[in-house]
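Student: make a model of this:
(chains A and B)
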Amino acid sequence: MDIANTEDWRTNRELADIFTRMAGCYRYLGNTERFRAIAYERAARTLAGLPDDISTYATDTASLDRLPNIGEGIAERILEYLQTGHIATWDELQRQVPIPLLDIMEIQGMGPATTKSLHEALGIEDRQDLEDAIRDGRVSKLRGFGPKRLENIRKALKLDKESHGRLRLDTALRIGEDLLRQVRAIPCVIRAELAGSLRRRKETIGDIDILVTCAASGRKSIIRHFTRTPGVSRVLASGDTKASILLASPEVQADLRLVEPEAFGSAFLYLTGSREHNIRLRSLARERHGKINEYGLFGPDGKERLAGDTEASVYQALGLAYIEPELREDRGELDLAARNRLPSLVGVRDMRGDMQMHSVWSDGATDIATLASEALRRFPRYEYIVITDHSPSVRIARGIDPKGFRRQWKEIDRVNADIGRAFVKKGVEVDILADGSLDLPDDVLEGFEWVTASIHSGFRKDNTERLLHACRHRLVHGIGHPSGRLLMKREPYAVDWPAVFRSAAETGTSMEINAQPDRLDLRDDLARQAVAAGVRLTVSTDAHHPSQLDHIHLGISQARRAGCTRENILNTLPWAGVRRFRDAKASSYATR
DNA sequence: GCCGTTTTCGGCCCGACTGTTTTCAGTCG
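Tutor: Below you'll find the model as predicted:
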């Protein structure tokens, strides 16, 4: 195998990383370079989102130039990097700008200008220097650094050190919905909604945004109530139309924005983002001599208001179809909306079953009968659930041996007899061993109605070959949590995804979007690439407790962010459809 | 440095809040 291609497009990431840091340097160098900085940031985004290794585009400058946000200059630098392993401009920038200063610019309140003035006045080179200079009073002697500003920087430094700032989607949703309930109870609030990355259902959330409509006369009182919400540890900002608070445990920032009811749509759009999506929208308005801000879409005179009461009205006035929040990431959705080619996104109501969960037979918390009744109670539309307890080698999860599975099947038969139909399916999460083989023999695997194969060890190495082996196994129907990542805890292992997706599509093997909030694996961009490669996905909760059956909402959000339609997701089909998918693989192997 | 359904030059999203200063620059979302 091509070694250079086995590490999840290492070169794309390296280049994106360099360009991001180059952008940081240009920002630091000041206003004259700020558009160059933006250009490098955009190029970095393009590289990071590329479905294939950059070298496949990099035959010459012209073919690179065809990629969005990559022109002649950056194309030359990409080629230079591929050919020589370094970029002369980047080397030069590193001589001009102390790179640890980029770190300082990440701290809230510390922009390029502040960072530069501290570097020039006090020779501050890194975070430690900054802390020292604040402590021994050198900073406070400088013009422009009053006591309040100093205190803010001190607190920002502390916060940045303690928390790495982001919350998991499930945690942020819980806190956000709780806060939303309190905001809705404030007098004078007409309407309140969660916006921001929470509404876009990003896998991790930096802060909570709430949009409120009210009459102008109610603003002061609403802001006052909001900043006195129980659990507020600090008020970060508080003006006429917006306020920011810091909630304690877990520490997270929440922003409130007030607008009048007729501006709801444009404000919702603005506050939902993403930033990049908004910039595209505003550029589009500008191309047509208009202007978008929080208050509406305005005509050339800046006064005539063309739209803004609903989000749809703004999109429509710009000649775009309505774009679902999960798609607003500037990944080509505006283009699709302009051509009316947006996908019709899958929803939880489309789901006919859950493809992975665990019972007390291995590491689950409840018995099969309870899982079945809870699934039916929570999701009356479900026609099946698949019990996928662990195979023997996953000791930590009390994996079951073949004899145990035969006993388990009898229990499943009894539960189904009680329900009166074959609601519970006999599945397994079989372990993919180090050499790519499975830890149950074929004659046992043949007894299951659904076989998911997953990796539970060897997270540090390249696991491409193991996944390819599993895809090529005639009795494997799906790959579970394919990348092995744990959000904010464990990086995904290295995989040559194009090769694995190609193999999954060829062999008729599905790939999972695992809905556990710390997995969400495949992540959105990989799921998108899998679908583009012709892979069928499943969305499953991997529930270890009945309450976790509700995680299907998180999994579906991830699928929606990947642009998935119902057709892309296998378990939107009745079981007969799942069986056809499964049997198609078996029969293609029988004829080989 | 990138980009073009008025442009190959002249733009590059837009407004609120803070802190410090005395009319505004810097930062953020």
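Student: sec struct for residue A:385, please.
Tutor: For residue A:385, the assignment made with DSSP: H, G, I helix; E, B strand; the rest coil gives strand.
Student: with the one 4 residues further on instead?
Tutor: The assignment at residue A:389 comes out as strand when based on three-state DSSP.
Student: what packs against the longest helix along chain A?
Tutor: Across chain A, the longest stretch assigned as helix under DSSP state H is helix A:10-29. With contacts taken as 3 or more C-beta pairs under 8 Å, 6 or more residues apart in numbering; DSSP states H and E, helix A:10-29 sits against helix A:34-48, helix A:72-84, helix A:88-96, helix A:100-104, helix A:112-122. Bear in mind the C-beta positions are built from the backbone N, C-alpha and C, glycine included.
Student: got the angle between that helix and helix A:88-96?
Tutor: Calculated by axes from the mean of the first three to the mean of the last three C-alpha atoms, to 10 degrees, helix A:10-29 forms an angle of 50 degrees with helix A:88-96.
Student: so what's the gap between helix A:10-29 and the chain middle?
Tutor: A distance of 21 Å separates the centroid of the chain from that of helix A:10-29, by C-alpha atoms, centre = their mean, to the nearest Å.
Student: that one near DNA strand B at all?
Tutor: No - applying C-beta under 7 Å from any atom of the strand, one finds helix A:10-29 out of contact with DNA strand B, separated by at least 8.4 Å.
Student: sort out which residues of that helix are buried, please.
Tutor: A:11-12, A:15-16, A:18-29 (16 or more other C-beta atoms under 10 Å).
Student: where do the strands of the stretch 351-500 of chain A begin and end?
Tutor: Ranges of strands within the stretch 351-500 of chain A are A:353-354, A:384-390, A:424-431, A:450-454, A:478-479, based on DSSP state E, counting those that start in this stretch.
Student: quick revisit: quick one, the longest helix of chain A and helix A:34-48 angle?
Tutor: Inter-element angle recorded for helix A:10-29 and helix A:34-48: 160 degrees (by the same axes, to 10 degrees).
Student: contacts for helix A:10-29?
Tutor: Surrounding helix A:10-29, the residues in contact under the criterion C-beta atoms under 8 Å, 6 or more residues apart in numbering are A:4, A:33-34, A:36-38, A:40-41, A:43-45, A:47-48, A:50, A:53-55, A:74, A:78, A:81-82, A:87, A:89-90, A:93-94, A:96-97, A:99, A:101-102, A:105, A:112, A:115-116.
Student: let's see that with 7 Å instead.
Tutor: Residues outside helix A:10-29 that contact it (C-beta atoms under 7 Å, 6 or more residues apart in numbering): A:33-34, A:36-37, A:40-41, A:43-44, A:47-48, A:50, A:53-55, A:78, A:81, A:87, A:90, A:93, A:97, A:99, A:101-102, A:105, A:112, A:115-116.
Student: so which of these reach DNA strand B?
Tutor: Among those, proximity to DNA strand B is found for A:36, A:40, A:43, A:112, A:115 (C-beta under 7 Å from any atom of the strand).
Student: so in terms of bridging, what pairs with residue A:428?
Tutor: residue A:389, residue A:451 (DSSP bridges).
Student: and whichever residue of the stretch 151-300 of chain A sits closest to DNA strand B, how many neighbours?
Tutor: In the stretch 151-300 of chain A, the residue that lies nearest DNA strand B is residue A:239 (2.4 Å; C-beta to the nearest atom of the strand). When neighbours are counted by other C-beta atoms under 10 Å, residue A:239 registers 10.
Student: which residue comes closest to it once chain neighbours are left out?
Tutor: Of all residues not flanking residue A:239 in the chain, residue A:223 sits nearest, at 7.7 Å (C-beta to C-beta, 6 or more residues apart in numbering).
Student: what residues sit buried inside stretch A:210-221?
Tutor: Quick answer for stretch A:210-221 (16+ other C-beta under 10 Å): A:210, A:211, A:212, A:213, A:214, A:218, A:219.
Student: again, but for stretch A:95-104
Tutor: Residues A:97, A:98, A:101, A:102, A:103, A:104 are the ones in stretch A:95-104 that count as buried (16+ other C-beta under 10 Å).
Student: pull up the distance across it, start to finish.
Tutor: Length of stretch A:95-104, first residue to last, C-alpha to C-alpha, to the nearest Å: 17 Å.
Student: cool, stretch A:135-154 as well?
Tutor: Stretch A:135-154 has its terminal residues 9 Å apart, counting by C-alpha to C-alpha.
Student: do stretch A:186-202 as well
Tutor: By C-alpha to C-alpha, the extent of stretch A:186-202 from end to end equals 28 Å.
Student: shaky segments in chain A?
Tutor: For chain A, applying pLDDT under 70 flags the ranges A:1-9, A:162-165, A:396, A:591-592.
Student: recalculate using a threshold of 50.
Tutor: Chain A contains residues with pLDDT under 50 at A:1-7.
Student: what's the distance between the residue of it positioned farthest from its centre and residue A:550?
Tutor: Distance to the chain centre peaks in chain A at residue A:141, reaching 43.6 Å (criterion: C-alpha atoms, centre = their mean). Distance from residue A:141 to residue A:550, counting by C-beta to C-beta, to the nearest Å: 56 Å.
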